[in-house]
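Visitor: got a predicted structure here, sequence first:
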Amino acid sequence: MPPNPNNNDDDDDYLIIELSEENFEKSINSNKPILVDFWATWCGPCKFMLPVFDKLAKKYASKIDFGRLNVDDSQSIAVKYDVYAIPTFIIFYKGQAVERAVGAVGEKGLENILGQVP
């Protein structure tokens, strides 16, 4: 059976940047704002927020980049930005942290901080 063109599971992959110590600084120093999700594989609230993050990444793709940073793989970055609880969401613009939300804040909570983007 041929693949269904309307069922492309890879569709979301290009919207969310997998961040690491190699690409984090370059990603946050862009002229386009980026919302970073600090998360871990073992974190239940992080898993709860992923579909919300994906939905907003699609909705705001033209205005804001979206990235995810696994805090277990990049602990030094989490410490640098005072991320002590996850999920933590931080909007960066031109290298500066503009706004943050901590916890499973839901779609409304993320949209509130997205409203702080210059």
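Guide: Great, that's in hand.
Visitor: could you pull out the helices for this protein?
Guide: 24-28, 44-59, 75-80, 106-114 (DSSP state H).
Visitor: how about these in JSON lines, adding mean pLDDT?
Guide: As requested, the helices of the chain are exported to JSON lines (pLDDT from 0 to 100):
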{"stretch": "helix 24-28", "mean pLDDT": "96"}
{"stretch": "helix 44-59", "mean pLDDT": "96"}
{"stretch": "helix 75-80", "mean pLDDT": "96"}
{"stretch": "helix 106-114", "mean pLDDT": "95"}
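Visitor: contact partners for Ser76?
Guide: For Ser76, the contact set (Cβ atoms under 8 Å, 6 or more residues apart in numbering) comprises Glu21. All C-beta spots, glycine's among them, are computed from the backbone N, C-alpha and C.
Visitor: any idea how far the residue nearest to Val52 when sequence neighbours are not counted is from Ile113?
Guide: Ranked by Cβ to Cβ, 6 or more residues apart in numbering and with sequence neighbours excluded, the top spatial neighbour of Val52 is Glu107, at 4.9 Å. In this structure, Glu107 and Ile113 are 11 Å apart, going by Cβ to Cβ, to the nearest Å.
Visitor: sorry, back to before: so which of the helices of the chain gets nearest Ile17?
Guide: Evaluated over those, closeness to Ile17 peaks at helix 24-28, with 6.0 Å, by Cβ to Cβ.
Visitor: surely the residue nearest to Val52 touches Pro51?
Guide: No: using Cβ atoms under 8 Å, Glu107 is not in contact with Pro51; the gap is 9.4 Å.
Visitor: those two: which is more packed in?
Guide: Glu107 (14 against 11; other Cβ atoms under 10 Å).
Visitor: contacts only, for that one.
Guide: Glu107 touches Val52, Lys55, Leu56, counting by Cβ under 8 Å, 6+ apart.
Visitor: repeat for Ile28
Guide: Ile28 neighbours (Cβ under 8 Å, 6+ apart): Ile34, Val36, Phe92, Gly95.
Visitor: pull the number of nearby residues for the second one.
Guide: This points to Val36. Neighbour tally, Val36, other Cβ under 10 Å: 25.
Visitor: next: the last one.
Guide: Residues contacting Gly95 under the criterion other Cβ under 10 Å number 9.
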